[in-house]
Each structure stands twice: as C-alpha cells, then as structure tokens.
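>>> Got a predicted model here, sequence first, then my questions.
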Amino acid sequence: MRITVLGAGPAGYAAALRAAQKGAKVTLIEKERLGGTCLNWGCIPTKVWVESAHRWRAIQEVADFGLECTAHRPNLQAIVARKNQVVETLVGGIQQLMAKQKVHVLRGRGTVVNPRLVSVQLADGSREEVENDCLILATGSVPASLPIPGLDLPGVMTSKEALDLKELPSSLVIIGGGVIGLEFANIFQTLGSKVTVVELLPCVLPGVDVEIVRRLMPVLKKSGLDIKVSTKLLEIKKQDNMLALILEGSKGVETLTAEKVLVATGRIPSLSGVETKALGLELEGRFVKVNPYLETNLPGVYAIGDIVKSPMLAHVATAEAETAVENIFGKRQAMDYSAVPAAVYISPEVAYVGLTEEEAKEQGLTYKVGKFPFTANGRALTLGEAQGVVKIIAGENGRILGAHLLGPQASELVAELTLALRWGITTEQISHTIHAHPSLAEAVLESAHSVFGKALHFS
Ligand SMILES: Cc1cc2nc3c(=O)[nH]c(=O)nc-3n(C[C@H](O)[C@H](O)[C@H](O)COP(=O)(O)OP(=O)(O)OC[C@H]3O[C@@H](n4cnc5c(N)ncnc54)[C@H](O)[C@@H]3O)c2cc1C
Ligand SMILES: NC(=O)c1ccc[n+]([C@@H]2O[C@H](COP(=O)([O-])OP(=O)(O)OC[C@H]3O[C@@H](n4cnc5c(N)ncnc54)[C@H](O)[C@@H]3O)[C@@H](O)[C@H]2O)c1
C-alpha cells in the first residue's frame with residue numbers, strides 16, 4: 001500500500017513510522033522541519049527554557065538548603081544554544097528512524113491536488129507528484145492572529161520568536177493566560193523580567209479545575225507576576241523604545257508599557273496546501289471533520305493532530321496517528337479520548353486527566369473527592385516544594401473520573417492516575433498498592449486513601 005503523509009509533526013512522523021513498520025510504502029512531506037511544532041518550536045524547546053528557569057530559581061534558593069553560592073546572571077545566548085542542541089538531537093533521531101524504516105522524506109510544500117495525488121514544490125524549485133492509495137493529513141496548527149492594531153510592530157512576538165530571545169527583556173506583557181502564556185510568564189518572570197499577563201476571561205487556564213486555579217493564583221502573584229484578568233487588548237503603539245499597550249479592564253482603560261509583547265491567544269488549524277472547498281473536504285468549524293476512526297468525508301483520506309477537533313497536544317496527535325494507521329490497515333478502532341493527560345510546566349506544575357469537578361457536577365454525577373496536600377508529603381518537604389495538592393474525583397464505584405494535581409512533578413505523577421482512569425483501576429486498588437517512601441507518589445496514594453476519608457498523614 002502507498003501512503004502519503006502531509007506534515008511531519010508528532011502526528012505525521014508517528015503515522016509515517018507506524019505505517020512503514022507495517023509494511024506500507026510511505027512518503028512523508030514536510031515544508032519546514034521534521035518534528036513539526038512540538039520538536040522545533042513547542043513542547044521541547046519550551047521545556048529547555050523551563051528547565052533553565054527552574055535551575056535559576058533553585059540557585060536563588062540554595063541558602064535555604066544550607067549552601068552558599070554566588071550566581072551571576074542568566075545567559076540567554078547559552079540557553080538558546082542548548083535549546084537548539086536538544087532540538088537538533090531529537091530531529092536527527094527522527095531523521096535516522098525515517099531512514100531505518102525506509103520512509104521517503106520529501107522536503108517541500110505539498111498541495112493536495114486530489115485525494116490520490118499530492119504535488120510537492122521542492123526546495124530547489126522543482127516539483128514532484130506523489131500518488132497514493134491512502135492520504136493522511138497532519139498539517140498541524142499556527143498561532144491565532146487577532147484583529148488588533150499594532151500586532152505587527154517590532155517587539156511583538158509569538159512563542160516561536162520568544163524561544164530565540166538572546167537578551168532578557170526588562171519587561172514583557174503576555175496577551176493570553178492559557179498554557180503558552182503561563183509557561184512563558186513563569187520562564188521570564190523567574191529569569192528576571194517584569195512580566196504581566198493579560199487575559200480576556202475572568203481567570204487564567206480556562207477549562208482547568210477551578211480549585212486548582214484558585215490555589216495557583218496566589219502562588220503566581222507571590223512570585224511577582226502581574227495578572228490582569230477580564231482585560232481586553234485594544235491597541236499596541238510604539239512609544240520611544242518601548243511598546244505601549246492600551247488595555248480595557250473592569251476599572252476602565254489603562255496604558256501599560258513594555259519592552260516586548262508575546263501574543264499567546266490560542267492556535268488554529270493550518271490547512272496550508274489543503275484547498276478544502278475545491279477538494280470537497282468537510283470541516284467542523286476551522287477543524288477537519290473526521291469520524292471516530294479519524295477518516296474524513298473523502299474515502300481514504302484521514303486527518304490527525306492539531307487539524308482535528310481534539311486537545312491540541314503532542315501525545316494526542318501521536319495517539320491519533322497510531323489509531324489512524326490501525327484503521328488504514330483494516331482495524332475498526334475508534335479513537336479513545338477517555339484518558340488524555342495534560343500538564344502545564346510552571347512552578348508549581350499543574351497536571352490533570354479526566355473530568356474537572358465542575359464537569360462532574362454539570363453531568364449530574366455522584367462523586368467523592370479525595371485530596372492530599374504536598375505540605376504533608378515528606379519528599380516534597382525535602383525538595384522545598386511543598387505547595388499544592390493531589391485531588392482525585394472518584395465515582396460511586398471508586399473508579400476515577402478525574403484527577404487534578406498542583407505541585408512538584410505533577411506532570412510525572414499524573415501518569416499513575418491516567419493509567420488508573422484508562423483501565424478502571426479504583427481508588428481502593430490504588431490504596432492497596434505500596435508506594436516507595438519517601439516519594440511524591442505517596443501524595444497520590446494518600447489522596448486515594450482520602451477518597452474514603454482515610455488519609456494517614458492528614459486529616
Ligand atoms: C509553544 C508551544 C508549546 C507546546 N508545548 C506542548 C507540550 O508541552 N506538550 C504537548 O503535548 N503539546 C505542546 N504543544 C502543542 C504541540 O506542539 C502540538 O499539539 C503538536 O505539535 C501537534 O502536532 P501536529 O503533528 O498535529 O502538528 P505540528 O507539530 O504543527 O506539525 C505539522 C507539520 O506540518 C507541516 N506542514 C503544514 N502544511 C504543510 C504542507 N502543505 N506541506 C508540507 N508540510 C506541511 C508543518 O511545517 C509542520 O511541521 C505546544 C505548542 C506550542 C506552540
Ligand atoms: N504544556 C502543554 O501541554 C502545552 C504548552 C503550550 C501549548 N500547548 C497547546 O497549545 C495550544 C495553544 O496554546 P495557547 O496558550 O496559545 O492557547 P490556550 O487556548 O491555552 O490559551 C489562550 C488564552 O488566550 C486567551 N485569549 C484569547 N483571546 C484573547 C485576547 N484577545 N486577549 C487576551 N486573552 C485572550 C484565552 O481566553 C485563553 O486563556 C493549546 O491548545 C495547548 O494545548 C500545550
């Protein structure tokens with residue numbers, strides 16, 4: 001079978017690899033870089049910055065740990081160099097995997113001529129036509145742009161440009177208090193910029209369990225971050241060497257000046273090279289419409305990753321790739337979104353899976369909540385990171401409906417609860433599982449105990 005994959009992000013490259021492992025003759029088309037947004041401008045490079053910020057904070061706090069050390073200043077050139085090196089290592093790894101699986105990688109912009117033919121404009125100006133028996137669209141997403149005057153001024157960035165900042169801005173305003181906004185706010189605030197987050201809605205991280213956001217807000221404010229909620233950006237103007245932002249909030253109109261502005265107001269599907277009208281490809285809003293098997297309305301054309309209406313996350317994109325390939329090879333496997341974890345890499349980390357308490361209420365479910373604070377966890381205290389909580393929402397049968405974590409390594413701890421939610425492991429079964437001591441995972445164990453009112457180290 002000949003399979004063409006358009007776009008080599010975590011959706012496209014994973015689909016190409018799996019399909020090749022199953023014996024298909026695969027062509028993978030990429031106009032920029034293997035690895036797509038996630039490896040080059042998203043998940044990985046942001047986490048390199050997060051790690052530098054985390055270690056910088058640790059240096060500031062060494063005195064609390066009985067150590068003496070004189071720190072100089074963050075070197076952004078070196079952070080960017082390390083970021084590039086980590087990215088190169090991973091992209092190189094993908095290149096090798098493609099070669100090993102004999103995936104034909106075409107570097108250029110693909111245009112879908114019809115469901116069975118893609119025309120590729122190669123970097124050297126030539127064209128190549130690729131025929132297929134099956135086409136997988138995986139063209140990803142791009143930042144949503146706002147119709148606001150001044151967004152094209154020098155100094156106004158998206159996350160892509162911010163990742164290459166070689167000098168620390170003295171002040172930074174971030175428009176959008178979602179995941180990207182808060183991750184960058186945490187990075188630059190920690191490294192020493194004066195950061196303000198401007199969010200249109202009444203709270204940051206919309207969609208996250210309300211109690212978790214309520215517990216997070218004072219921690220963020222204490223770190224020096226200025227957060228303006230229910231605030232709208234009206235315009236950005238140049239003012240000497242700075243940018244002046246005209247904002248409208250509950251107290252009226254105000255002007256804020258900053259050296260740099262980062263716009264992080266969401267992402268939209270990229271349908272570059274996919275003329276939906278001409279092809280007759282059905283959309284669902286801005287997203288490509290797919291059935292539960294990830295097939296579009298055009299037979300033999302599948303769509304995966306950020307272009308379909310599912311959480312815009314790399315691991316979801318990869319899971320969709322695996323499901324789509326299984327279905328192309330004859331399985332009838334519906335994509336399962338029942339247990340999708342997500343993490344926000346700030347300090348303290350936020351991670352969650354399943355229903356929020358608000359969603360459980362809205363759905364009229366009978367549920368119990370178990371909570372355990374990190375202040376009562378020995379390992380968290382030794383780390384000096386005892387802020388936050390593990391909150392488990394369990395149904396009547398003890399099965400996990402949702403889990404919400406705020407605290408150290410929440411992005412790792414959520415894995416145990418994701419496994420439990422996915423496979424119906426009950427909070428009682430977690431309660432009867434020995435966890436290593438001292439470990440952060442004991443907070444998960446204690447939270448499971450607490451669903452029955454039986455936490456050992458907290459009452
Ligand atoms: C700053 C930032 C941080 C993020 N952090 C995380 C995180 O920590 N964890 C997480 O799970 N997710 C994170 N994400 C989201 C994650 O990056 C995306 O969900 C993921 O990359 C989607 O994968 P994809 O393959 O669908 O699309 P993409 O990764 O966007 O890849 C699509 C690829 O298709 C190519 N392409 C498009 N059109 C064509 C064409 N016509 N011809 C050839 N090639 C084409 C593009 O060049 C691109 O390389 C982050 C995103 C951003 C922006
Ligand atoms: N750690 C992670 O998993 C991670 C990290 C970064 C990005 N991502 C993914 O990337 C996607 C995009 O991230 P994002 O942060 O851009 O989107 P988002 O949807 O998470 O947040 C956008 C925020 O901007 C606000 N907003 C929208 N218009 C605004 C306006 N005019 N003024 C002020 N605020 C406005 C929204 O209310 C929202 O809070 C997300 O879907 C996320 O899943 C994931």
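Nice, I can see it. Only a predicted model underlies this, so the values are computations on that prediction, with no experimental measurement involved. Ligands and ions are numbered 1, 2, ... in the order given.
>>> What is the one helix or strand residue 421 maps to packed up against?
For residue 421, the host element (DSSP states H and E) is helix 410-423. If you count contacts as 3 or more CB pairs under 8 Å, 6 or more residues apart in numbering; DSSP states H and E, helix 410-423 packs onto strand 342-344, strand 349-354, strand 400-407, helix 427-431, helix 441-451. In this view, the C-beta of every residue, glycine as well, is placed from N, C-alpha and C.
>>> now that helix: how far from the chain's centre is it?
Offset of helix 410-423 from its chain centre (CA atoms, centre = their mean, to the nearest Å): 17 Å.
>>> how about the CA coordinates for it, as CSV?
Only the C-alpha atoms of helix 410-423 are listed here, as CSV (Å, rounded to 0.1, in the frame of the first residue of the first chain):
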residue,chain,number,x,y,z
ALA,A,410,2.7,16.9,38.7
SER,A,411,3.4,16.2,35.0
GLU,A,412,5.0,12.8,36.0
LEU,A,413,2.6,11.9,38.9
VAL,A,414,-0.4,12.2,36.6
ALA,A,415,0.7,9.1,34.7
GLU,A,416,-0.4,6.8,37.5
LEU,A,417,-3.8,8.3,37.7
THR,A,418,-4.1,8.3,33.9
LEU,A,419,-3.4,4.6,33.9
ALA,A,420,-6.0,4.1,36.6
LEU,A,421,-8.6,6.1,34.8
ARG,A,422,-8.0,4.4,31.5
TRP,A,423,-8.2,0.9,32.8
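>>> Could you identify the helix or strand that succeeds the longest helix along the chain?
Counting residues, the longest helix in the chain under DSSP state H turns out to be helix 76-100. As assigned by DSSP H and E, the chain's next helix or strand after helix 76-100 is strand 104-114.
>>> and that next one, does that touch ligand 1?
Yes. Residues of strand 104-114 contacting ligand 1 under CB under 6 Å from any ligand atom: 109, 110.
>>> which secondary structure elements does that strand contact?
With contacts taken as 3+ CB pairs under 8 Å, 6+ apart, strand 104-114 sits against strand 2-6, strand 25-30, strand 117-122, strand 127-131.
>>> mind redoing it with 6 Å?
Contact partners of strand 104-114 among helices and strands, from 3 or more CB pairs under 6 Å, 6 or more residues apart in numbering; DSSP states H and E: strand 25-30, strand 117-122.
>>> and the closest residue in space to residue 414 that isn't next to it in sequence, how far is that from ligand 2?
In space, and not counting its chain neighbours, residue 414 is closest to residue 351: 3.9 Å by CB to CB, 6 or more residues apart in numbering. Using CB to the nearest ligand atom, to the nearest Å, residue 351 is found at 9 Å from ligand 2.
>>> hang on, residue 351 packs against residue 416?
No. Using CB atoms under 6 Å, residue 351 is not in contact with residue 416, being 11.0 Å away.
>>> out of those two, which sits in the busier spot?
Looking at residue 351 and residue 416 with other CB atoms under 10 Å, you find the greater number of neighbours at residue 351, namely 26 against 18.
>>> So is the longest helix of the chain next to ligand 1?
No. Helix 76-100 lies apart from ligand 1 when judged by CB under 6 Å from any ligand atom; the minimum separation is 10.7 Å.
>>> what helices or strands is that helix leaning on?
Using 3+ CB pairs under 6 Å, 6+ apart, helix 76-100 is in contact with helix 36-41, helix 43-60.
>>> Would you mark the buried spots in it?
The neighbour-count check on helix 76-100 (16 or more other CB atoms under 10 Å) flags 76, 79, 80, 82, 83, 86, 87, 90, 91, 94, 98 as buried.
>>> Return the nearest residue of the stretch 201-350 of the chain with respect to ligand 1.
residue 305 (2.1 Å; CB to the nearest ligand atom).
>>> my guess is that residue contacts residue 11, does it?
Yes. Contact criterion CB under 6 Å: residue 305 and residue 11 qualify, at 2.8 Å.
>>> Leaving out sequence neighbours, find the closest residue to the residue nearest in space to the middle of the chain.
The chain has residue 313 as the residue nearest its centroid, 5.1 Å off, counting by CA atoms, centre = their mean. Distance criterion CB to CB, 6+ apart; nearest residue to residue 313, sequence neighbours excluded, is residue 342 at 6.1 Å.
>>> do residue 111 as well
Closest residue to residue 111 apart from its sequence neighbours, by CB to CB, 6+ apart: residue 273 at 4.6 Å.
>>> Doesn't the one you found belong to a strand?
No. Counting by DSSP: H, G, I helix; E, B strand; the rest coil, residue 273 falls outside a strand, being coil.
>>> Now for it: which residues touch it?
When contacts are counted by CB atoms under 6 Å, 6 or more residues apart in numbering, residue 273 touches 109, 110, 111.
>>> Find me the pLDDT at it, would you?
Per-residue confidence (pLDDT) for residue 273: 96.
>>> Next, the closest residue to ligand 1 within the stretch 101-250 of the chain: phi, psi?
Relative to ligand 1, the nearest point of the stretch 101-250 of the chain is residue 140 (2.2 Å; CB to the nearest ligand atom). Dihedral pair for residue 140: phi 70, psi -150, per degrees, to the nearest 10.
>>> quick one: which of the helices and strands packed on helix 410-423 is nearest ligand 1?
Taking CB to the nearest ligand atom, strand 342-344 is the member of these nearest to ligand 1, at 6.9 Å.
>>> Can you name every helix or strand that the closest one contacts?
For strand 342-344, the packing partners by 3+ CB pairs under 6 Å, 6+ apart come out as strand 349-354.
>>> quick check: angle from the strand it packs on to strand 400-407?
180 degrees (axes from the mean of the first three to the mean of the last three CA atoms, to 10 degrees).
>>> Give the other helices and strands that strand 349-354 contacts.
Applying 3+ CB pairs under 6 Å, 6+ apart, one finds that strand 349-354 contacts strand 342-344, strand 400-407, helix 410-423.
>>> Would you convert those into CSV that also reports distance to ligand 1?
Below are the helices and strands packed on strand 349-354 laid out as CSV (distance: least, CB to the nearest ligand atom, whole Å):
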stretch, distance to ligand 1
strand 342-344, 7
strand 400-407, 16
helix 410-423, 9
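>>> Pick the most deeply packed of the ones you listed.
Per residue and on average, the most neighbours among these fall to strand 400-407, with a mean of 28 (mean count of other CB atoms under 10 Å).
>>> Just want the angle from it to helix 441-451.
Strand 400-407 runs at 130 degrees relative to helix 441-451, counting by the same axes, to 10 degrees.
>>> Can you list the strands that strand 400-407 pairs with?
Strand 400-407 has these partner strands in its sheet, going by DSSP bridges: strand 349-354 (antiparallel), strand 389-395 (antiparallel).
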